[in-house]
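> can't give you the sequence, but here's the structure:
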């Protein structure tokens, strides 16, 4: 998953939680994210662009680290 912004992504389908670790080291957990959105993120040619336009500002989040 090469990305200049995203280092790692995890998805918990039972809780609909998307956890994103950024290259900067910051870790955010986005709540109530549909599995379809996770799959679209993983298929996106630019993970950072997809996050900016389809996840950030649309889902509640918590900064984990």
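Great, that's in hand. Remember, predicted model here, so these are calculated numbers, not experimental data. Numbering: from 1, shown residues only.
> next secondary structure element downstream of the helix ranked longest in the chain?
In the chain, with assignment by DSSP state H, the single longest helix is helix 35-43. Sequence-wise, the next helix or strand downstream of helix 35-43 (DSSP states H and E) is helix 47-50.
> wait, what's in contact with residue 17?
Contact analysis of residue 17 by C-beta atoms under 8 Å, 6 or more residues apart in numbering lists 11, 29-31, 33. Every residue, glycine included, has its C-beta placed from N, CA and C.
> at 6 Å instead, please
residue 29 (C-beta atoms under 6 Å, 6 or more residues apart in numbering).
> report pLDDT for it.
For residue 17, the model assigns a pLDDT of 98.
> and it, what are its bridge partners?
In this structure, residue 17 bridges to residue 12 when assessed by DSSP bridges.
> quick one: it and residue 37, what's the gap?
12 Å (C-beta to C-beta, to the nearest Å).
> buried set for the longest helix of the chain?
For helix 35-43, the neighbour count (16 or more other C-beta atoms under 10 Å) marks 37-38, 41 as buried.
> now swap in stretch 16-30 and tell me
Under 16+ other C-beta under 10 Å, the buried positions of stretch 16-30 are 16-22, 27-30.
> and stretch 52-65, by the same measure?
Buried residues in stretch 52-65 (16+ other C-beta under 10 Å): 55, 59, 61.
> now these as a markdown table including distance to residue 48 and secondary structure?
Listed next are the buried residues of stretch 52-65 as a markdown table, based on distance: C-beta to C-beta, whole Å; DSSP: H, G, I helix; E, B strand; the rest coil:
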| residue | distance to residue 48 | secondary structure |
| --- | --- | --- |
| 55 | 11 | helix |
| 59 | 16 | coil |
| 61 | 16 | strand |
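> dump these into CSV; add pLDDT as well.
Below are the buried residues of stretch 52-65 laid out as CSV (pLDDT from 0 to 100):
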residue, pLDDT
55, 96
59, 97
61, 97
